[in-house]
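Participant: attaching a predicted model along with its sequence, questions to come.
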Amino acid sequence: MTSSLFCHIAGDGQPLVWLHGWGVNGSVFLPTVTQLPQYRSYCVDLPGFGDSQPQFGTLDDWAERLIAELPGNAIWIGWSLGGLLATRVAQRWPDKVKALVTVASSPCFMARPDNAWPGIAPSVLQQFESQLQQDLQRTVERFLAIQAMGSDTAREDIRHLKELVLSKPLPDAFALAQGLSMLKQVDLRDSLSSLTLPWLRVWGRLDGLVPQKIVPLLPVTPQIEDVILPKSSHAPFISHPEDFLRYLRSWLYEKGFNSSR
């Protein structure tokens, strides 16, 4: 069950690969990339989301498909589940990834009581799994609402997210179940030390899915920079686009990732 990934391409210059989170599609980034015309942005629909066909397999299978179809020497920007995937790509193909940006993303999304790791309670994902069997659209819309929780502009954020996401077909039920399984099972914490490339990590202080308490638990190197947006929740590029773009542009400029290839 494979075919080419759908990818919206815009701008010209240094390639940026954008990977979305669970339940949505690459359209969530369209307002953001229109503000970055000096970069060549690739807004990917992950397998089974938007206009991309599903693909059997694991996070690593998805990563292999992405690296085969997307440009080398790109900066990979992943939000939530997309950040987990971008991190895995950077770990496996460090020579093909120029830099990494993760947005509201954790190397291990599930809470782990055995080592006091903060994250999503198992009961929350179990709820989504059971609801998927009953009402796919309602489950997706409920998840969109959770992503805006805590934001000062939550109602407007939810409306904006729905407009963008529902402009494309609903996600495939199989792909949604795959994504939940990845969020539940994947744990990249032990292999984070292998990453030596420039890495920007953007967090929302009000994020109810990826608590900022994980920030001090992650490795820190001169190549890594953390930015915590004080009023943002789980989708900072939607709720606080100017702040998000200001930090992203500044980091790209400081690292010398200008519009040239």
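Facilitator: Yes, it's here.

Participant: any idea what Arg112 is bridged to?
Facilitator: Beta-bridge partners of Arg112, counted by DSSP bridges, are Trp117.

Participant: now do it against Phe128, distance only.
Facilitator: Arg112 sits 19 Å away from Phe128, going by C-beta to C-beta, to the nearest Å. To be clear about C-beta, it is placed using only N, CA and C from the backbone, and glycine gets the same treatment.

Participant: who has more neighbours out of these two?
Facilitator: Legend: neighbour count by other C-beta atoms under 10 Å for Arg112 and Phe128, higher for Phe128 (21 against 13).

Participant: next one: phi and psi at the more buried one?
Facilitator: phi -60, psi -40 (degrees, to the nearest 10).

Participant: what's near enough to touch it?
Facilitator: Phe128 makes contact with Thr139, Phe143, Leu180 under the criterion C-beta atoms under 8 Å, 6 or more residues apart in numbering.

Participant: and with 6 Å instead?
Facilitator: Phe128 makes contact with Leu180 under the criterion C-beta atoms under 6 Å, 6 or more residues apart in numbering.

Participant: now do the one 10 residues further on
Facilitator: Arg138 makes contact with no residue, according to C-beta under 6 Å, 6+ apart.

Participant: what about it, helix or strand, and which?
Facilitator: helix 136-147 (DSSP states H and E).

Participant: can you give me the buried ones in that helix?
Facilitator: For helix 136-147, burial by neighbour count (16 or more other C-beta atoms under 10 Å) applies to Leu136, Thr139, Val140, Glu141, Phe143, Leu144, Ile146, Gln147.

Participant: quick one: which of those is nearest Pro107?
Facilitator: Pro107 lies nearest to Gln147 out of those, by C-beta to C-beta, at 19.0 Å.

Participant: didn't the closest one look like it was pressed against Ala235?
Facilitator: Yes - assessed by C-beta atoms under 6 Å, Gln147 is found in contact with Ala235 at 5.1 Å.

Participant: need the nearest residue in space to the residue nearest the centre of the chain, chain neighbours excluded.
Facilitator: Residue closest to the average C-alpha location in the chain (C-alpha atoms, centre = their mean): Trp79, at 1.7 Å. Of all residues not flanking Trp79 in the chain, Val103 sits nearest, at 4.3 Å (C-beta to C-beta, 6 or more residues apart in numbering).

Participant: and the one you found, what are its bridge partners?
Facilitator: For Val103, the beta-bridge partners under DSSP bridges are Trp79, Val202.

Participant: looks like it contacts Ser80 (just checking).
Facilitator: No - counting by C-beta under 6 Å, Ser80 is not a contact partner of Val103; they are 7.3 Å apart.

Participant: for the helix holding Arg138, the averaged confidence score.
Facilitator: Helix 136-147 shows an average pLDDT of 78 in the prediction.

Participant: alpha carbons only: can I get it in PDB?
Facilitator: What follows is helix 136-147 as a C-alpha-only set of coordinates in PDB (Å, rounded to 0.1, in the frame of the first residue of the first chain):
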ATOM      1  CA  LEU A 136     -13.700   9.300  13.000                       C
ATOM      2  CA  GLN A 137     -14.600  13.000  12.200                       C
ATOM      3  CA  ARG A 138     -15.700  13.700  15.800                       C
ATOM      4  CA  THR A 139     -12.500  12.200  17.200                       C
ATOM      5  CA  VAL A 140     -10.300  14.300  14.900                       C
ATOM      6  CA  GLU A 141     -12.200  17.500  15.800                       C
ATOM      7  CA  ARG A 142     -12.000  16.700  19.500                       C
ATOM      8  CA  PHE A 143      -8.200  16.300  19.100                       C
ATOM      9  CA  LEU A 144      -8.000  19.600  17.300                       C
ATOM     10  CA  ALA A 145      -9.700  21.200  20.200                       C
ATOM     11  CA  ILE A 146      -7.300  19.700  22.700                       C
ATOM     12  CA  GLN A 147      -4.300  21.100  20.800                       C
END
